[in-house]
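Enquirer: Take this sequence and fold it.
(2 chains)
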Protein chains: 2
Amino acid sequence: MGGKPTLAVVGATGAVGAVLLRMLTHHADVWGEIRLLASSRSAGRKLAVREEESEVLALSEENLTGVDLALFLVPEDVAARWAPIAAAKGTVVVDTSTAFRADPDVPLVVPEINPHAVRIRPRGIVASPGCSTLALIVAVGALHAEFGLAELVVTAQQAASGAGRAGTAALREQLALVTGGELGTQPGDVRRAVGDHTGPFPGPVALNVLPWSGLLAADGWSSEELAVREETRKVLDLPGLPVAATCVRVPVVAGHAVSVHARFERPVTVGRAHEILATSPGVVLYDDPATGDFPTPADVVGTDPAWVGRVRRSMDDERALELFVCADNLRKGAALNALQIAESIIGA
Amino acid sequence: MGGKPTLAVVGATGAVGAVLLRMLTHHADVWGEIRLLASSRSAGRKLAVREEESEVLALSEENLTGVDLALFLVPEDVAARWAPIAAAKGTVVVDTSTAFRADPDVPLVVPEINPHAVRIRPRGIVASPGCSTLALIVAVGALHAEFGLAELVVTAQQAASGAGRAGTAALREQLALVTGGELGTQPGDVRRAVGDHTGPFPGPVALNVLPWSGLLAADGWSSEELAVREETRKVLDLPGLPVAATCVRVPVVAGHAVSVHARFERPVTVGRAHEILATSPGVVLYDDPATGDFPTPADVVGTDPAWVGRVRRSMDDERALELFVCADNLRKGAALNALQIAESIIGA
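Expert: Numbering: from 1, shown residues only, chains lettered A, B, ... in the order given. Presented below is the predicted three-dimensional model:
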């Protein structure tokens, strides 16, 4: 590519877009033109990027012309329609939606784990995994490289912002409705107080845990839960890996927390796991319960890495470890991983 | 026992005591005298039981005289000291603390699972399991009876009231400090807003998930996590059962939620699991994600049973099931189970 490449941010006005635009300010010298695209409804808005105001343009064939790399931060249906159009123009697309993650001709990339995979992209599209997979996979992948992963059982406690701006708004609205009283002690009292202010959620998330995220998929599984399984298998290149995931929504603004039970091919020790996690890129080991050192969503939000604590070896199986991992679902869980992929493609 | 037996409630003024006294109103005809005992600090307070005011007496040898059955709802150290004193007077003690749960001469009882165990009590003491074990064990025990349990991996999302009145107070106080603003988006902003209002928790629980509950036990495990393992093994009489538990605290007032991965000796189907759960005492099956039917803590608080939903068979193992179970940690998780044990002992 001659000169600095042109970047298009497709879906610049959403929750992940806002985080990405702030990140681009710290990566200001990588890109030439940065073009902000969104639905025609948002066209004409001004957003700050690299400390300058930039006008949002409508997503169109014309506005995708001359783009070297397009970051797609839009829902599945928009990505499914527009990513192939961009790719046909020679633009490399990095897509964060679910549209292409399972496509065998689209690599699914986590730069700390499978950076080489970006190079083989028959459709001109590279996919970034979902936020729950991204929260756990850097830590799990580092341990896999040493011990050989044999099985995963995970519970992902997802923040409200994983459902976008509407998710955060619904949580804040609900909290205002339930805080200050005595709610949470009688069946359904929180549900009645929240009423129809459920936003994108299937019930109240304030003062509650909602065991549902995504759409209904096969046999009672949610799309989010099956995505964790399929994405983890693809990124780690372990197509037969047993993965059982439960995804729940918790009253947290941002920061996914995942409790991980990982069984390996070889015996593990906490000491060696600590050494690996302490030296793996994209991971911060924060693990000393004696001094209260363990990651929490509220403490790691706004940071780039996956934070890992509560590392324990099974009392019953010398090959199994428990971990508790927290990561910002809008950063490593979305904008950051996509930007890392984009920078690796242009060789920045 | 001649006439109706005399019941002592030791620790009547606590959070579990309050729930128990309300329950006794609905079991009014079972007991003769009901004596309320607490620390000398609380003596002289009046509490309502069976719709009458009753004066709280100080816990003393004298006030334990003539008691047929004593329900102990007090911390471990108080139970360790006073339960043997009561038992030496011929009183049957039902203890809800951790003091005797691991004692081989003290049965650990969940009436739906091992009712026969109350009969052999060499020390005159019967123990009731902890709230996280109780949330999951009725459902898991029913499935065990059919399929033969081989392994458990669980994440218990514990409500603030599991830490007593101080836990609920801390959550409400914290929510007032973090609601209404934009907190939860910057590293540590919730922690700073909460300041030292952490109450019994090792950090902020509002807008957060705290991966810690209990005391530090061996090798990084918390006492709560090891208790789930040891109590489940003892109640199910499976001393070699592999159990890996993670206990976290979530910003919920009451109602523990547990995601359960259970592997069995024999193949399972969701249909047969549904049949078993729908007909097991103490369990409500509430499982139809297509219509949004799954249990949540805010919906099941104040109810007696364990509610089970999200029943799924592993995509990778025909012998493994996922479940999501919710139960009121102050009812089945404490007061109710103890009262069920007590009533089974006196033959009510």
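
Enquirer: OK, now which residue of the stretch 201-348 of chain A is nearest to chain B?
Expert: Residue nearest to chain B within the stretch 201-348 of chain A: residue A:253 (2.9 Å; CB to the nearest CB). In short, each C-beta sits where N, CA and C put it, glycine included.

Enquirer: Ok, the stretch 1-150 of chain A next?
Expert: Counting by CB to the nearest CB, the stretch 1-150 of chain A gets nearest chain B through residue A:19, at 9.7 Å.

Enquirer: what's the burial count for the closest residue to the residue of the stretch 201-348 of chain A closest to chain B other than its chain neighbours?
Expert: With CB to CB, 6 or more residues apart in numbering or on different chains as the criterion, residue A:253 has its nearest non-adjacent residue at 2.9 Å, and that residue is residue B:184. Residue B:184: 28 surrounding residues under other CB atoms under 10 Å in any protein chain shown.

Enquirer: same question, the one 10 residues further on
Expert: Taking other CB under 10 Å as the neighbour definition, residue B:194 ends up with a count of 25.

Enquirer: now the helices for the stretch 201-348 of chain A?
Expert: For the stretch 201-348 of chain A, helices defined by DSSP state H, counting those that start in this stretch occupy the ranges A:223-236, A:270-279, A:297-300, A:336-345.

Enquirer: Provide the contact partners of the longest one at residue level.
Expert: Read that as helix A:223-236. Under the criterion CB atoms under 8 Å, 6 or more residues apart in numbering or on different chains, residues A:98, A:101-102, A:108-110, A:113-114, A:129-130, A:132-133, A:136-137, A:140-141, A:144, A:149, A:152, A:154, A:156, A:158, A:213-218, A:238-241, A:243-247, B:315 lie in contact with helix A:223-236.

Enquirer: Make a ChimeraX selection of the buried ones in the residues you listed.
Expert: Selecting only the buried entries of the contacts of helix A:223-236 in ChimeraX, with 16 or more other CB atoms under 10 Å in any protein chain shown as the criterion:
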select /A:98,101,108,109,110,113,114,129,130,132,133,136,137,140,141,144,149,152,154,156,158,213,214,238,241,243,244,245,246,247 /B:315
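
Enquirer: returning to what we had before: surely the residue nearest to residue A:253 touches residue A:301?
Expert: Yes - with contacts counted by CB atoms under 8 Å, residue B:184 reaches residue A:301, the gap being 6.6 Å.

Enquirer: Between these two, which contacts overlap?
Expert: A:253-255.

Enquirer: mind listing the strands in the stretch 51-200 of chain A by residue range?
Expert: A:52-55, A:57-58, A:69-72, A:92-95, A:125-127, A:149-158 (DSSP state E, counting those that start in this stretch).

Enquirer: that older thread, what secondary structure does the residue of the stretch 1-150 of chain A closest to chain B sit in?
Expert: For residue A:19, the assignment made with DSSP: H, G, I helix; E, B strand; the rest coil gives helix.

Enquirer: Let me see the contact set for it.
Expert: Counted by CB under 8 Å, 6+ apart, residue A:19 has contacts A:330-331, A:334-336.

Enquirer: again, only using 7 Å
Expert: A:330-331, A:335 (CB atoms under 7 Å, 6 or more residues apart in numbering or on different chains).

Enquirer: One more: residue A:90?
Expert: Counting by CB under 7 Å, 6+ apart, residue A:90 has no contacts.

Enquirer: Any idea which residue of the stretch 101-250 of chain A lies closest to chain B?
Expert: residue A:184 (2.9 Å).

Enquirer: Distance from stretch A:115-126 to the middle of the chain?
Expert: In terms of CA atoms, centre = their mean, to the nearest Å, the centre of stretch A:115-126 is set 19 Å apart from its chain centre.

Enquirer: do stretch A:157-171 as well
Expert: The chain centre lies 13 Å from the centre of stretch A:157-171; the measure is CA atoms, centre = their mean.

Enquirer: now do stretch A:9-21
Expert: On CA atoms, centre = their mean, the centre of stretch A:9-21 falls 14 Å from that of its chain.

Enquirer: State the mean pLDDT of it.
Expert: pLDDT averaged over stretch A:9-21 equals 94, rounded to a whole number.

Enquirer: start to end distance for it?
Expert: Criterion CA to CA, to the nearest Å; first-to-last residue distance in stretch A:9-21 is 9 Å.

Enquirer: Buried residues, that stretch. List them.
Expert: For stretch A:9-21, using 16+ other CB under 10 Å, the buried residues are A:9-21.

Enquirer: hang on, the earlier thing: for the residue of the stretch 101-250 of chain A closest to chain B, report the pLDDT, please.
Expert: 94.
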